[in-house]
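In: Got a predicted model here, sequence first, then my questions.
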Amino acid sequence: MTDHCLLPTFTTMKRIIDNALFLGGVAVGGYVAYTQFNTVLQKILLELSSADFARNFVQNSKFVQPIVSRFVAGQEMEDALAVAKTLNAAGMLVSMDYLGESVKYPDEALAARDHICEMLGKIANENVNANVSVKLTQLGLKLNGDLAFDNMREILTQAKSADNWVRIDMEESAVTAQTIDVFERLRDAGFDNVGIVVQSYLYRTADDVAKLIKRGARVRLCKGAYDEPIEVAFGKKTQTDANYVRLIRELLGEEARANGVYPAFATHDDKMVQAVIDYVKEHNIATDKFEFQMLYGVRTELQDHLRDLGYRVRIYVPYGEAWYPYLMRRMAEKPANLQLVLANL
Ligand SMILES: Cc1cc2nc3c(=O)[nH]c(=O)nc-3n(C[C@H](O)[C@H](O)[C@H](O)COP(=O)(O)OP(=O)(O)OC[C@H]3O[C@@H](n4cnc5c(N)ncnc54)[C@H](O)[C@@H]3O)c2cc1C
């Protein structure tokens, strides 16, 4: 189907969403109604992030390209390396993310592993200050846990030879336990150049963090980007935020410091950033004992501000062709981004 054929559908969609934004945000008037509307929109966007029909529709449309290029460094490895060098020159650290998740065939997992190993080689050869972030479902976790584990062993071996390390992203709650299990097996197998991510919206995370602190693990704390049921995750943003602040204190606390935990605070939220700054100032924690992390294209003014204050800031740089689910999660985090897409129609 061409973009031309899609035009009437897109125009209709734009009208519907524009009207809905208007009705939800203005006509109904109340702040509560607007918040509820955003929550519904977030759920729809997260639902669509795993729908094949929506992926085909959006990926084939040229209208979304401007918004894709705002959040994604490019399609090729070279694009990401070029962006990383520019960010390095501006004083930022980088984490490369080769986009892709939930592969359906082992060959795809092996191809992703080889691509990531090649990227680690190029980072070393071209003197880029970057590590890589990986998703275990891209490496075959949903097909076979051992496949993902074996692929990680190869990636970590390559990373070690390049004096680098790798972060395992955290995906939806259906794979949280398996993801942590693979991380622990890798650590038990002697790999110390691997880090993990935890999400403050999950009830289980406080317990996970306590165990990770005992291990002296390298932990990235984020809020969580998936649509999770109330059985496993807080239903209110205020609860997720409160848990985030609690976990900041754990990850920077005495036991964590004694065990050599190096936390990364992945957030664009001023309140979370301030909570980190308040804690480190109060406890005289040096700026090389933790870092802030933010997504490529999101709140660049805050990224620059923190760097100027002397904090370490690492930018997560996604690249590759499989940008669709990543983009939909970014839309869900800030539905106003959707208006940028609609503005291009
Ligand atoms: C480096 C990094 C790695 C991550 N890794 C993972 C992971 O492994 N697993 C996982 O589940 N999630 C991951 N996330 C996503 C994370 O869980 C949140 O969904 C996302 O960061 C939004 O939460 P927030 O802390 O920025 O706070 P929010 O309260 O959502 O946002 C605070 C403010 O930041 C701005 N903002 C936030 N998101 C956007 C956006 N997309 N576009 C424009 N403005 C925005 C807005 O101004 C918003 O008001 C990662 C995030 C970062 C920064």
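Out: All right, it came through fine. Numbering: from 1, shown residues only.
In: how close does residue 129 sit to residue 48?
Out: 36 Å (C-beta to C-beta, to the nearest Å). No exception for glycine: its C-beta is placed from N, CA and C like everyone else's.
In: okay, the two: which has more neighbours?
Out: In terms of neighbours (other C-beta atoms under 10 Å), residue 48 is the more surrounded of residue 129 and residue 48; the figures are 18 against 15.
In: looking at it, that one is touching residue 328, isn't it?
Out: Yes - applying C-beta atoms under 8 Å as the test, residue 48 and residue 328 come out as touching, 5.9 Å apart.
In: Residues that sit against both of the two, list them.
Out: When contacts are counted by C-beta atoms under 8 Å, 6 or more residues apart in numbering, the set common to residue 48 and residue 328 consists of residue 54.
In: all helices for the stretch 51-200 of the chain, in order.
Out: For the stretch 51-200 of the chain, the helices defined by DSSP state H, counting those that start in this stretch occupy 52-59, 65-71, 77-89, 106-125, 145-161, 176-188.
In: residues making contact with stretch 263-275?
Out: Among residues not part of stretch 263-275, those counted as contacts by C-beta under 8 Å, 6+ apart are 195, 197, 218-223, 241, 244-245, 248, 251-252, 256, 276, 290-295, 298-299, 302, 306, 314, 316.
In: where does the stretch 201-345 of the chain dip in pLDDT?
Out: For the stretch 201-345 of the chain, applying pLDDT under 70 flags the ranges 340-345.
In: same thing but 90
Out: In the prediction, the stretch 201-345 of the chain carries residues with pLDDT under 90 at positions 321-325, 327-345.
In: OK, contacts around residue 123?
Out: 81, 84, 96, 130-132, 162, 164.
In: now the nearest residue to residue 126 once chain neighbours are set aside: how far from residue 127?
Out: Spatially, and ignoring its direct neighbours in sequence, residue 126 is nearest to residue 81 (6.2 Å; C-beta to C-beta, 6 or more residues apart in numbering). Taking C-beta to C-beta as the measure, residue 81 and residue 127 are separated by 11 Å.
In: So these two - more neighbours on which side?
Out: Using other C-beta under 10 Å, the more surrounded residue of residue 81 and residue 127 is residue 81, with 22 against 8.
In: Next, work out how far apart the more buried one and residue 307 are.
Out: Using C-beta to C-beta, one gets 21 Å for the distance from residue 81 to residue 307.
In: Of all the contacts of residue 123, the one with the weakest confidence?
Out: By pLDDT, residue 162 ranks lowest within the contacts of residue 123, coming in at 95.
In: anything in stretch 75-95 near the ligand?
Out: No - shown here: stretch 75-95 not in contact with the ligand (C-beta under 6 Å from any ligand atom), separated by at least 6.7 Å.
In: what does that stretch contact?
Out: Identification of contacts with stretch 75-95 by C-beta under 8 Å, 6+ apart yields 73-74, 96, 98, 115, 118-119, 122-123, 126, 128-133, 167, 291, 293, 296, 303-304, 307, 312-317, 319-321.
In: quick one: low-confidence ranges for the stretch 51-200 of the chain?
Out: 51-70, 145.
In: residues from it in reach of the ligand?
Out: Within the stretch 51-200 of the chain, the positions adjacent to the ligand are 169-170, 197, 199 by C-beta under 6 Å from any ligand atom.
In: In those residues, find the pair that's most separated.
Out: Taking C-beta to C-beta as the measure, these reach their widest spread between 169 and 199, a distance of 10.2 Å.
In: more crowded one of those two?
Out: Neighbour comparison, residue 169 and residue 199: the larger count goes to residue 199, with 27 against 21 (by other C-beta under 10 Å).
In: My read is that the more buried one contacts residue 208, right?
Out: No - the pair residue 199 and residue 208 fails to qualify as a contact (C-beta under 8 Å) at a distance of 9.3 Å.
In: Can you name the residues that contact the closest residue to residue 193 other than its chain neighbours?
Out: Spatial nearest neighbour of residue 193, excluding adjacent residues (C-beta to C-beta, 6+ apart): residue 165 at 3.7 Å. Taking C-beta under 8 Å, 6+ apart, we find residue 165 in contact with 131, 159, 193-195, 218.
In: so which of those is the most crowded?
Out: Using other C-beta under 10 Å as the neighbour test, the contacts of residue 165 are led by residue 159, with 24 neighbours.
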